[in-house]
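S.K.: sequence and predicted structure, then a few things I'm wondering about:
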Amino acid sequence: MNTLDSPTAKKTDRPRLAPGDTVRVHTLIVEGDRERVQVFQGTVIRIRKGGAQANFTVRRIASHGVGVERTFLLHSPRVEKIEVLRSSKVRRAQLYYLRKRQGRSARLRERSTRTTEE
């Protein structure tokens with residue numbers, strides 16, 4: 001049995017992600033002999049499920065309007081924490097069309113959460 005496919009390799013404290021979510025990913029960066037946590041905040045444009053090899057891609061707009069995409073392994077020990085800041089209503093599984101859009105046309109409508117009050 002492959003060690004990557006074993007159930008102990010998965011991290012169970014991960015939130016349920018969906019395309020269109022705005023997330024803040026805290027990753028451990030090693031520079032020489034020092035370690036630090038780097039935060040990458042953006043919109044989830046893709047999720048690939050595959051057990052222990054599941055990954056997701058986050059896109060953000062950096063300075064001067066340059067788009068930056070980064071792919072993270074969902075169950076990697078280098079990913080310390082994933083925070084879901086907001087969820088958006090989307091009708092696609094992969095949001096590659098956001099690469100061509102800028103400004104207001106790249107906005108996603110926030111998903112409404114209903115609470116049942118009686």
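M.R.: Noted; the coordinates are in hand.

S.K.: show me where this structure has its strands.
M.R.: Secondary structure of the chain, counting by DSSP state E: strands at 22-31, 34-48, 55-61, 67-73, 79-86.

S.K.: most tightly surrounded among the ones you listed?
M.R.: Among these, the stretch with the highest mean neighbour count (mean count of other Cβ atoms under 10 Å) is strand 55-61, at a mean of 18. Using the backbone N, CA and C atoms, a C-beta is placed for each residue, glycine as well.

S.K.: and that one, how far out from the chain middle?
M.R.: Taking Cα atoms, centre = their mean, to the nearest Å, one finds the center of strand 55-61 at 6 Å from the center of the full chain.

S.K.: ditto for stretch 47-66
M.R.: 5 Å.

S.K.: quick one: average pLDDT of that stretch?
M.R.: Per-residue pLDDT values across stretch 47-66 average out to 93.

S.K.: repeat for stretch 92-105
M.R.: 92.

S.K.: likewise stretch 14-31?
M.R.: 95.

S.K.: quick one: residues in contact with it.
M.R.: Contact partners of stretch 14-31, identified using Cβ atoms under 8 Å, 6 or more residues apart in numbering, comprise 35-47, 56, 58, 72, 74-75, 77-90, 92-95, 108, 111.

S.K.: what pLDDT does the model give residue 113?
M.R.: 72.

S.K.: quick check: closest non-adjacent residue to it.
M.R.: Computed as Cβ to Cβ, 6 or more residues apart in numbering, the closest residue to residue 113 that is not its neighbour in sequence is residue 87, at 8.0 Å.

S.K.: what of residue 48?
M.R.: residue 55 (5.1 Å).

S.K.: hey, what's the one you found bridged with?
M.R.: Beta bridges link residue 55 to residue 48, residue 73 when assigned by DSSP bridges.

S.K.: how about the contacts made by it?
M.R.: Counted by Cβ under 8 Å, 6+ apart, residue 55 has contacts 47-48, 71-74.

S.K.: just so I know, which of the strands of the chain lies nearest residue 11?
M.R.: strand 79-86 (7.9 Å; Cβ to Cβ).
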